[in-house]
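Colleague: A structural model of the following input is requested.
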Amino acid sequence: MAATIIVINAVDGSELANLEVEVSATIRAIKQRYDAPPGARLLSHDTTVLSDDETLDSYALDGTITLKQVVDSVKAAEVLYKEDVVLELKKREHVFCPGTMSSSAPTSYTSYQVVTAKSITEIPSEAFGALVSEAKAKAWRCDKKSEWTSPEDYYNAEMWNPN
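Modeller: Have a look, this model is predicted:
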């Protein structure tokens, strides 16, 4: 059964979407249809927060369902990695620069990590770059540090955190 879904901004009352959807569609699918912003939550007529996996089967009384959208500012700043909330992004570069009299060759190594509540995971540089782009768009803070640990070794560190 199809229904008309009207989504309004809970703050100013403006209409955000007017969609024809099957009542068996999930809230997640409805939000994708109108390109809801990150952290968007939909409220039913009685101001119950609807979960993303919920459907509207029980709300289709007259064929038109009005939902209110609110945006959770904490959720809006979240960056996800494999469905887990990222707590921190870390890049560490170790550079060994031997002196001119040394027989050793210069070497460098860069590691990229994503920190979630579940784990600290090494990731490829491409994945790190994509996560950093998302973090920048969500105004995360970047702290950088360079440190010489000996006359021949130094480290560069870059850590991204939500504000």
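
Colleague: hey, let's count contacts and neighbours off CA atoms from now on
Modeller: OK.

Colleague: tell me the helices and strands packed up against the helix or strand hosting Trp160.
Modeller: Following DSSP states H and E, one finds Trp160 within strand 153-161. On a contact count with 3 or more Cα pairs under 8 Å, 6 or more residues apart in numbering; DSSP states H and E, strand 153-161 meets strand 84-96, strand 141-148.

Colleague: how does the protein divide into domains?
Modeller: Per automatic domain parsing, the structural domains of the chain span 2-76, 80-161.

Colleague: could you tell me the end-to-end distance of the first one?
Modeller: Right, domain 2-76. Between the opening and closing residues of domain 2-76 there is a gap of 30 Å (Cα to Cα, to the nearest Å).

Colleague: quick one, helices of this structure?
Modeller: Along the chain, the segments classed as helices by DSSP state H run 27-33, 73-76, 125-137.

Colleague: what does the first one contact?
Modeller: Applying Cα atoms under 8 Å, 6 or more residues apart in numbering, the external contacts of helix 27-33 come out as Val21, Leu42, Leu50, Ser51, Asp52, Asp53, Glu54, Thr55, Leu56.

Colleague: now that helix: buried residues?
Modeller: Ile27, Arg28, Ile30, Lys31 (16 or more other Cα atoms under 10 Å).

Colleague: on that earlier part again, worst average pLDDT in the domains of the chain?
Modeller: The weakest mean pLDDT among the domains of the chain belongs to domain 2-76, with a mean of 84.

Colleague: now the helices and strands packed on strand 153-161 in JSON lines, with mean neighbour count and distance to Asp35?
Modeller: Converted to JSON lines, these look like this (neighbours: other Cα atoms under 10 Å; distance: least, Cα to Cα, whole Å):
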{"stretch": "strand 84-96", "mean neighbour count": "18", "distance to Asp35": "21"}
{"stretch": "strand 141-148", "mean neighbour count": "12", "distance to Asp35": "26"}
